[in-house]
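Asker: my questions are about this predicted structure, shown below with the sequence.
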Number of protein chains: 2
Amino acid sequence: MPVYSISHVENVRVCVVMVGLPARGKSLISQKIVRYLSWLSIKSKCFNVGNYRREVAKETAVNAEFFDPKNEEGMAYRKQAIDLAIKDMMNWFVEENGVVGILDATNSTRERRDRILKLCRENYIEPMFLESWCDDKELILQNIMDVKTTSPDYVAKPNEFAMTDFLKRIEFYESVYESMDATTDSELTFVKLVNVNSQIILNRIETYLESRIVYYVMNLHIKPRSIWLSRHGESEFNLTGQIGGDANLSERGWRYAKKLPELVLKSLGEEHKHTNLTVWTSTLKRTQQTASFLPYKKLQWKALDELDAGECDGMTYEEIEKAFPEDFKARDDNKYEYRYRGGESYRDIVIRLEPIIMELERQENILIITHQAVLRCLYAYFMNVPQEESPWMSIPLHTLIKLEPRAYSTLVSRLKADIPAVSTYKEKGTSQLGEAKSGETIFKSRDLLHSGDVI
Amino acid sequence: MPVYSISHVENVRVCVVMVGLPARGKSLISQKIVRYLSWLSIKSKCFNVGNYRREVAKETAVNAEFFDPKNEEGMAYRKQAIDLAIKDMMNWFVEENGVVGILDATNSTRERRDRILKLCRENYIEPMFLESWCDDKELILQNIMDVKTTSPDYVAKPNEFAMTDFLKRIEFYESVYESMDATTDSELTFVKLVNVNSQIILNRIETYLESRIVYYVMNLHIKPRSIWLSRHGESEFNLTGQIGGDANLSERGWRYAKKLPELVLKSLGEEHKHTNLTVWTSTLKRTQQTASFLPYKKLQWKALDELDAGECDGMTYEEIEKAFPEDFKARDDNKYEYRYRGGESYRDIVIRLEPIIMELERQENILIITHQAVLRCLYAYFMNVPQEESPWMSIPLHTLIKLEPRAYSTLVSRLKADIPAVSTYKEKGTSQLGEAKSGETIFKSRDLLHSGDVI
C-alpha cells in the first residue's frame, strides 16, 4: 500500500486547454502549472502548438499574414500543427501515464474548442479550459515586449518589425476570437482569468486536481520581485558531521550571520538598497541565529525545519552506515523516496513545503534561511530540477542565492561570503563528506548565472 | 519570536459581507467559515442580523408582511437590527482583536452594501462580499424545508403556514434585490457563488486570508454523507503505557480490527449496507493493521501520523515526568501549544491536518483510522471544540464514531465494540492513565447522540 500525498486521491486525467489571444501570458501560465505539478510528482507536460507550427511550416515565411483566417496555406499548416500536438498529447496520456496535459495554443474559436472537447471525452480525459483574457493595454504591450524578444518567430528580425507584425497578427486572431462565456459555455469546466486575476470566473470545477490548479493560478502575480535562499551558518553539528539536532552556530557560523546583512545589501544593489524584504526562518536555533543581524521583519515556519532524520537524528553518516547498513544503502539508491526510520523523506518535505510555495507565489521579496534538504526542495521548485536529482544537489554553506523569476526562466546569482565552512555534501556510496565531485550541481546547466562574486 | 502558521503572514482584518436572498445557504456558509477559521486559530465570529432583528422587534408579529419594503415599521426594525449588528462587529474587531467578522444578512441592495463598505474602510477593515446566488428551484425548496423547520421565526407554527409565509417573504426581498455584478461592482472585492459552486466569480481577491476563505468555500458541497473516525486497535505500546513508536496491535487490538467491518455495516444500516466508502489510515502499522479486514479502498496519509513526541518517543508518562519534570508541567499548563523537544504540538498537527480537512470537505463517505491526538484535532474541527479543550477530550479505544454533517449541526453516534482495552487517557496533573474523571468529554453537551450501542 503506497503512501498517498494529497495529490493522489482521485484517478483523474486532465487536459488543460489554454484559451486566449497572443500575448496574454498563456505560455507563462502553462509552464508554471507544469513546474508546480511536476514538483508535486504529478506527471504533467505542456504541448505548445506554436512549436508544432514552426516544425510543420518550416520553410514558409511566418509573418502576420500567415495568421490571416483567409490564408488557406496558413490555415492548413495551423490545423496540421494542432492535430499533431493533440495526437502527441493523447499518446503521452496513454504511453507515459500522463496526468495533466496542457494544450498551449490560442484555441480561439468554439468550433476548435468543441473538437478538443470531443476528443478528450472520447479518451476519458477531463477537459478544463483556462482562458487568459486581458484588455489592459499596458499589460499587453509589456507582454508583447517579452514575446518579441524571446519568440523564435522573430529571431534576427529588427525590433520594430517584430512589434508591428505581432500587433497585426493579434488583429487577425481578434477577428475570429470567441471568449469563454458563462452562458454559452455553462456546461463546460472552465476558468477565465480577467486582467491577471483581477477577476476570475470558475465554472464547474469539480475534481480535486482541477481545484488545485485553479488555486495555484489564482495565487500567481507578475510583479517583479526576488527570492533569496541561504542555509544557516555553519553549526556545531556541522563541525562534528552530525545530522539533525538543534545545535548553535559555530564561531565561523556567527561570522556568516554578521556578514549576511552586507551580502543582502550588495545583492540588492545601490539603487534598491532600501527595498523592503521579509525574512523567513525555520523554528531551529541555527537559522534564527543566522537571521539575527538582519534588519528586516522575521517569521518562523515549522514547515521550514530540516528533514527529520528520526532514529538517526544526531548521528554522523559513518555511524548511520554502521548502525543501519541496509538503510544507508537504500537511501543512496532512492534518496528522494527514502524515509528515515521514524522520520521523513524528501517527498515528505515537498508535501509540507507546498503551502510555503503557495505563499511564496503570493508574496514579493522574501529571504529564506533554512536547511540543506529543505533548500534543495525549494530550489528544485524554482529551477525545475527533477525530483531524482534534487536530493543530490550541492548547496554550500555561507552562500547567498538570489532568484529572480522572469517570464520564461528564473535568473540565479550567488554571493559567497569569504568565510570558510566545512562541506556537508555526501556523494552517493560513501559516508565521507567532501566537495561535490561533479562540481556544484546546483549551479549547473539550467541556471543562468549572472554573478558569482566573492566579497 | 512566535512561530507562525500559514495564517499569520499578514496583518489584515476582513469583514465578510454575505449577500443573497433568504434560503440561499448564507448562514450555513457563514458558520462553516467561522468553524474552519477558529480551528486554524484565526479569531472569527458571525453576526447574524436575523437574531438582532428578533431581539429588537420582539413583540411584533413577524410574518411575511413585516418584510414588505413598504412596511415602515418593519423597515425601521430591520435598520435598527443591522446597525446593532455592525456596531457589535466593529467593537469586536477592536476590543477582542477580531480578524474575520461575518455579517450574515441578505444585504440585498447596493445602497446597503455601500454603507457597509464605507464603514469598513473608515475602520481599516477589508470588506469582502460573498454572494450566494441560486435559481435552482429544487435547491431553494430543499433549503426552505431546512429553514422553516429550524428558524426561530416559525417556532410552533404549522408547516404549511411556514412554507407559504416564507415564500412570500422571499418575494418581498426579490422585489428590491440587486445581485453582485462584474461590471457595476468591478471595484469591489467579491465572490459570487452560483448554484452551490457550479459557477464562481472572484473579483479582486487580494489578501491571503481572503484567498484562503475563497478556497475553502470553493471546496464545500452539500451532498449528504458520513465520516467515521476510529483510533487504531489497542497496541503493544498501549499495554506498556509507552507513547509514540510504531508498535503492532495487541491481541485485543487484532480482535477490534476483525470486528470493525461488522461495526461499519451496523453503522451503515441495512438499507445503506452497500454504500461505498474509502478508508484513510496513517503510515503507522497499528492503523493499517486495524484497517486490514475492511473490504474498501484504502489510502495512507503521512499527515494522519500520531503527534511526534520527539525525545519522549517510546517513553511512558511516568518516565517523562521523571526525566523532564518542567516540560511535563508545561505541557499540562498549555497542552495545545506545548511542543515536545524535537517533536510537535497540537497546533503543529492542526497545520498539517489542514489539507486533510480540505480534502474531507470535498469527499463523500470516508472512514479515518488514526491516533488519539490526531483524532482529537479532527473531531474538534467537525464539532467546533475550542482549541484549549480539544487536547483533553477522552476518545476511548475500540469505539467507532460516526459524524453526519447537517445544515446547522453535526450528528454524532458511536458504536463501542465489546472488546476491552486499556485507557490511554491522562488527566491534568498526573502521569497515571485512567478513565476520564469528567466523563467522556468528547460526547458531552454539544453532541447530539443518537446511538450508543454495544455490539
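Answerer: Nice, I can see it. Numbers count the residues shown, from 1 in each chain, chains lettered A, B, ... in the order given.

Asker: from here on, contacts and neighbour counts on C-alpha atoms
Answerer: Will do.

Asker: what's around residue A:154, how many residues?
Answerer: Neighbour count of residue A:154, defined by other Cα atoms under 10 Å in any protein chain shown: 19.

Asker: pLDDT score for it?
Answerer: Note for residue A:154: predicted pLDDT of 84.

Asker: identify each buried residue in the helix or strand harbouring residue A:326, please.
Answerer: In this structure, residue A:326 is located in helix A:325-333 according to DSSP states H and E. If you call a residue buried by 16 or more other Cα atoms under 10 Å in any protein chain shown, then helix A:325-333 has these buried ones: A:327, A:328, A:329, A:331, A:332.

Asker: wouldn't the third one be in contact with residue A:431 here?
Answerer: No. Counting by Cα atoms under 8 Å, no contact exists between residue A:329 and residue A:431, whose distance comes to 10.3 Å.

Asker: which pLDDT value goes with residue A:438?
Answerer: If you check residue A:438, the pLDDT there is 47.

Asker: please apply the same query to the one 3 residues further on.
Answerer: The per-residue pLDDT reported for residue A:441 equals 45.

Asker: and residue A:93, how many neighbours?
Answerer: Residues near residue A:93, counting by other Cα under 10 Å: 21.

Asker: which ones are touching the closest residue to it other than its chain neighbours?
Answerer: Excluding the flanking residues, the one nearest residue A:93 by Cα to Cα, 6 or more residues apart in numbering or on different chains is residue A:99, at 6.7 Å. Residue A:99 makes contacts with A:12, A:13, A:14, A:42, A:43, A:44, A:93, as judged by Cα atoms under 8 Å, 6 or more residues apart in numbering or on different chains.

Asker: quick check on residue A:99: phi, psi?
Answerer: phi -110, psi -50 (degrees, to the nearest 10).

Asker: before we move on, what about residue A:33?
Answerer: Given degrees, to the nearest 10, the pair of backbone angles that residue A:33 has is phi -60, psi -40.

Asker: contact partners for it?
Answerer: Residue A:33 makes contacts with A:213, A:216, A:217, as judged by Cα under 8 Å, 6+ apart.

Asker: please redo it, this time with the cut-off set to 10 Å
Answerer: Applying Cα atoms under 10 Å, 6 or more residues apart in numbering or on different chains to residue A:33 gives the contacts A:16, A:27, A:39, A:44, A:45, A:46, A:100, A:102, A:213, A:214, A:216, A:217.

Asker: just those residues now: which is nearest residue A:261?
Answerer: Residue A:261 has its nearest neighbour among these in residue A:39, at 31.2 Å by Cα to Cα.

Asker: remind me which residues of chain A are low pLDDT?
Answerer: Scanning chain A for pLDDT under 70 picks out A:1-10, A:149, A:435-455.

Asker: mind listing the helices for it?
Answerer: Secondary structure of chain A (DSSP state H): helices located at A:26-39, A:49-56, A:72-95, A:110-122, A:137-150, A:159-174, A:208-218, A:236-240, A:251-268, A:285-291, A:317-323, A:325-333, A:346-362, A:372-383.

Asker: which of those helices sits most buried?
Answerer: Here the criterion is mean neighbour count by mean count of other Cα atoms under 10 Å in any protein chain shown, and of those the winner is helix A:285-291, at a mean of 24.
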